[in-house]
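Q: Give the three-dimensional model of this entry:
(chains A and B)
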Protein chains: 2
Amino acid sequence: MDAAVPSPPTDSPLFSRIRLAVPSNVPHIHKLIHQMAVYERLSDVCSTTESDLSANLFTSPPFQSVTIFILEVSPKPFPEDSPHNSNPNYIPLVRILNSDRPVDDPDREIFKSEDENVVVAGFSLFFPNFPAYTGKPGLYVESIFVRKCYRKKGFGKMLLSAVAKQAVKMDYCEVLWVVLNWNGNAIRFYEDMGAQILPERRIYRLTGDALQLHQNDD
Amino acid sequence: MDAAVPSPPTDSPLFSRIRLAVPSNVPHIHKLIHQMAVYERLSDVCSTTESDLSANLFTSPPFQSVTIFILEVSPKPFPEDSPHNSNPNYIPLVRILNSDRPVDDPDREIFKSEDENVVVAGFSLFFPNFPAYTGKPGLYVESIFVRKCYRKKGFGKMLLSAVAKQAVKMDYCEVLWVVLNWNGNAIRFYEDMGAQILPERRIYRLTGDALQLHQNDD
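A: Model (predicted):
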């Protein structure tokens, strides 16, 4: 055997695609949010319902308020005539990953999308922000999540890059997000992407009864 | 003298009002942002121009994207027939402060508003966010600032309360904001208002060249 001979083509290509979410994805988004809450050890505060999402998402054109990118994977190429390819707001990003074996996805039935080959593997949720010191909008990434069996394949980076690329396209000044300080994997991943921590900033929140108390402020 | 006799009415009432910003406030907002940058020790990164603000503010109805509340003060009552009082999106909040002497405002000429008695004293800038775990929108307060000579009079609380009150009115789930961890005064003020720190969260940002690099990501 000659060491210079390239390895044979893999038998398990994994086609991946990032596209805008559509209303029929609400059940997938709902399940992804609850899986993300388990991962972030915040299940006890996760109360999102499908009807909350239906009521509050898709209420304005993409990128103008809350926007969701869906990450899908398939062992076969995505159909050329998919309606997502003619969405005037966003052309899907497609990548082919060479995998040494098919992914064993225990939740394949739950996350089936579009046709029987396509499975929803993750998402990102973001909305415009407005850093006063720049005077220009940016994008604030509220959530980014890849299902367990699809991790360590570059999909997190693909999702965040897709948001960054969109920010550049719109001439926005920044992409901003929050990380949990115990999540070393996420921090290394973000720093590898060129992001920098804003070390002095802490987040405060007014919610629940403490928020309601302000109802009668004058 | 009887100790129970109430003190006589002050000679220096300070009328204060919170209302929605209008396009003619852009010069005020621009100057407030630069004064805030000095206060936050971030002047070197503050590049906002009036034309950035004109281009990016007032592009959608109030509360649907970036929204600014203006705090004004006046030694005389605000006119009843002010056009702000007939704004269908927001009824101004008015409060009267009893001050023991008039405020000496060195920037009065720069911040003059509406009529010669009224002066812009501060602002808050906020936009909708969308905490995935609630499935409902909230309000993210990007900036809150009161000019130096008007501090320690409760105006910061008045501005933040106005945002909280609006959030409750819209049935939003939270009000969220960022504080610099060295700003003990701000932290005490926020905790007194019932806000809680999210201690594990850190903010990461992708901007400048590191953001532009993602332009060609696929």
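Q: List the contacts of residue A:115.
A: Residues counted as contacts of residue A:115 (CB atoms under 8 Å, 6 or more residues apart in numbering or on different chains) are residue A:79. No exception for glycine: its C-beta is placed from N, CA and C like everyone else's.
Q: If it is in a bridge, with which residues?
A: Assessed by DSSP bridges, residue A:115 has beta-bridge partners residue A:113.
Q: so what does the helix or strand harbouring residue A:72 touch, helix or strand wise?
A: Residue A:72 belongs to strand A:67-74 when elements are defined using DSSP states H and E. Where contact means 3 or more CB pairs under 8 Å, 6 or more residues apart in numbering or on different chains; DSSP states H and E, strand A:67-74 is packed against strand A:12-20, helix A:26-39, strand A:118-129, helix A:155-169.
Q: residues in contact with the closest residue to residue A:209 other than its chain neighbours?
A: Spatial nearest neighbour of residue A:209, excluding adjacent residues (CB to CB, 6 or more residues apart in numbering or on different chains): residue B:194 at 8.0 Å. By CB under 8 Å, 6+ apart, the contact list for residue B:194 reads A:206, A:209-211, A:213.
Q: Equivalent analysis for residue A:111, please.
A: A:28, A:31, A:105, A:119-121, A:147.
Q: what pLDDT does the residue nearest to residue A:212 when sequence neighbours are not counted get?
A: Leaving aside its sequence neighbours, residue A:212 sits nearest to residue B:168 (CB to CB, 6+ apart; 6.0 Å). For residue B:168, the pLDDT comes out at 96.
Q: Give me the residue at the spatial middle of chain A.
A: Nearest to the geometric centre of chain A sits residue A:124, at 1.8 Å (CA atoms, centre = their mean).
Q: Surely that residue and residue A:68 touch.
A: Yes - taking CB atoms under 8 Å as the definition, residue A:124 is a contact partner of residue A:68 at 7.1 Å.
Q: Just give me the neighbour total for residue A:23.
A: Residues lying near residue A:23 (other CB atoms under 10 Å in any protein chain shown) number 10.
Q: ok, the nearest residue to residue A:111 once chain neighbours are set aside - how many residues close by?
A: Of all residues not flanking residue A:111 in the chain, residue A:120 sits nearest, at 4.4 Å (CB to CB, 6+ apart). Residue A:120: 24 surrounding residues under other CB under 10 Å.
Q: Report pLDDT for residue A:120.
A: 98.
Q: Repeat that for residue A:11.
A: Residue A:11 is given a pLDDT of 71.
Q: got it, and residue A:98?
A: 85.
Q: From chain B, how far out is it?
A: According to CB to the nearest CB, to the nearest Å, residue A:98 and chain B sit 16 Å apart.
Q: Quick check: end-to-end length of stretch A:114-123?
A: End-to-end distance of stretch A:114-123: 16 Å, with CA to CA, to the nearest Å as the criterion.
Q: contacting residues for residue A:82?
A: Counted by CB under 8 Å, 6+ apart, residue A:82 has contacts A:92, A:114.
Q: separation between the closest residue in space to residue A:131 that isn't next to it in sequence and residue A:62?
A: Using CB to CB, 6+ apart and skipping the chain neighbours, the partner closest in space to residue A:131 is residue A:138 (5.8 Å). Taking CB to CB, to the nearest Å as the measure, residue A:138 falls 16 Å from residue A:62.
Q: Look at those two and report which has more neighbours.
A: residue A:138 (22 against 17).
Q: what's the more buried one sitting at in phi/psi?
A: Note on residue A:138: backbone dihedrals following degrees, to the nearest 10 are phi -130, psi -170.
Q: Do I have it right that it meets residue A:127?
A: No - Residue A:138 lies out of contact with residue A:127 (CB under 8 Å); the separation is 10.1 Å.
Q: Chain neighbours aside, what residue packs nearest to residue A:214?
A: Per CB to CB, 6+ apart, closest to residue A:214 is residue B:164, 3.6 Å.
Q: so where is chain A shaky, pLDDT-wise?
A: Within chain A, the stretches falling below the threshold (pLDDT under 70) are A:1-10, A:217-218.
Q: again, only this time at 50
A: A:1-3 (pLDDT under 50).
Q: Please verify my assumption that residue A:140 contacts residue B:128.
A: No - checked against CB under 8 Å, the pair residue A:140 and residue B:128 is beyond contact range at 10.5 Å.
Q: When these two are compared, which one has more neighbours?
A: residue A:140 (24 against 21).
Q: what pairs with the more buried one across the strands?
A: Using DSSP bridges, the bridge partners assigned to residue A:140 are residue A:127, residue A:176.
Q: Between the two ends of stretch A:57-72, how far is it?
A: 19 Å.
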